[in-house]
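Student: please find the sequence and the predicted model below.
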Amino acid sequence: MAKEKEEKLNYKQELQKLNAEGPRTLYLLWGKEDYLREQYLSQLKSFCIPEGENGFNYKRFDGPELSANAFREAVDALPFLADRTFVELRDIDLNKLKEAQEILPVISELPDYCTVCFVQNVEYEPDGRLKLVRAIRDKGCELKFTQQGQGALIDWIARRFAAHGKRIDFEASQRLIFISGDLMNRLIPEIEKIAAYVKDEKVTVRDVEAVAHHIPEAQVFELTDLLAQKQYSASMNTLSELLAENEYDPIYLLAVLGSQMRRLYCARLAIEHDLGAKYVSECCGIKYSFMVTKLLQSARGFTRQQLKDAVRVCAETDMQMKSSGGDSRELLKNAVLAIATEASDAKR
């Protein structure tokens, strides 16, 4: 079953709207792309409190709870030598607020001179069944900051490198996204490291490979790609290197492996039934075309039965890890070895 396609936030359009229409009285900012969220928040504050956060017209509350009385007092406070006040509410858990009923009337009667902004962490997702969340959505402006599309992200990467006096080619930008992920706050330190490392003006794929941090999803993808190419010893070496880092729990790594095997199975079905790359993108939740292409290439190295068996092995290993009390590292190694062995036996 295909996943529901996530609607991408048009960040540039939202900034243009803010500049054209000015600030509203109520905002809910959330989503995984916290870099853009903070950039938007900074622009919003510059409209509402040009004097900055040190002035009398700025109030901030940090969650997870919120006092209805304190919130009302902040909202009712008149602006001092300015047109607006700004109330920032950080990581207030709207889904679990004890005083939600008392806060509802404050939300519904916000004065024109006050802007209230709920700013949520990357793990938060509003529960639209709750009255408070519905009230915020009805009266205010809800912005979910999603990862940007391929073109927008690659353009942004190029601009970040240009600020360091470097030029990165398209292939190297794709490789950076694949290796280090597509969240801007995660990419910024990688870009800075690469820019400092590269002596020439041009940044290449080799430079990215040498310096950028490899997220586990990328390492597991490379592991499964080696399995697809029948390079079984190399795949086990990749797993050993990943475990040697001691940065990630084997249960988490198994979850990433299982997710990748399910994606490969989906891609294999798409190949056999001529469903196309778009189907794979929507079914697997992959936003970038070059990643879909790479997944399809890797899926061609397996049979449907091999991938079905691999998904089963991951599920069984997950149950063993969580119920038997065995060595999770060894169980993960055995799972990869079992997948490699079944693929090798099928080849013969």
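Tutor: Done, it's in.

Student: going by C-alpha atoms from here, please, whenever you check contacts or count neighbours.
Tutor: Fine.

Student: residue 194 is in contact with residue 207, correct?
Tutor: Yes - applying C-alpha atoms under 8 Å as the test, residue 207 and residue 194 come out as touching, 6.9 Å apart.

Student: hmm, who's touching the strand or helix carrying residue 224?
Tutor: Element membership of residue 224, judged by DSSP states H and E, is helix 216-228. For helix 216-228, contacts defined as C-alpha atoms under 8 Å, 6 or more residues apart in numbering pick out 178-180, 232, 234-236, 238-239, 242, 253, 256-257, 260-261, 298-302, 340, 343.

Student: give me that answer again for 6 Å
Tutor: The set of residues that contact helix 216-228 without belonging to it, under C-alpha atoms under 6 Å, 6 or more residues apart in numbering, is 179, 235, 298, 301-302.

Student: sitting in strands, which of these do you find?
Tutor: Secondary structure assignment (DSSP state E) places none of the contacts of helix 216-228 within strands.

Student: before we move on, back to that, residue 207 and residue 194 - which one has more neighbours?
Tutor: Neighbours were counted for residue 207 and for residue 194 using other C-alpha atoms under 10 Å; residue 194 has more, 20 against 17.

Student: what about residue 30, how many residues nearby?
Tutor: Neighbour count for residue 30, taken as other C-alpha under 10 Å: 23.

Student: test my guess that it contacts residue 120.
Tutor: Yes - in this structure, residue 30 is within contact of residue 120 by C-alpha atoms under 6 Å, at 5.0 Å.

Student: returning to what we had before: what average pLDDT does the helix holding residue 224 get?
Tutor: The predicted model gives helix 216-228 an average pLDDT of 93.

Student: just give me the neighbour total for residue 72.
Tutor: Residue 72 - counted by other C-alpha under 10 Å - has 16 other residues nearby.

Student: could you look up the SS state of it?
Tutor: At residue 72 the chain is in helix, as set by DSSP: H, G, I helix; E, B strand; the rest coil.

Student: how much space between it and residue 28?
Tutor: With the distance defined as C-alpha to C-alpha, to the nearest Å, residue 72 ends up 18 Å from residue 28.

Student: ok, now residue 328?
Tutor: Taken as C-alpha to C-alpha, the span from residue 328 to residue 28 is 40 Å.

Student: what's the answer for residue 44, then?
Tutor: In terms of C-alpha to C-alpha, residue 44 sits 12 Å off from residue 28.
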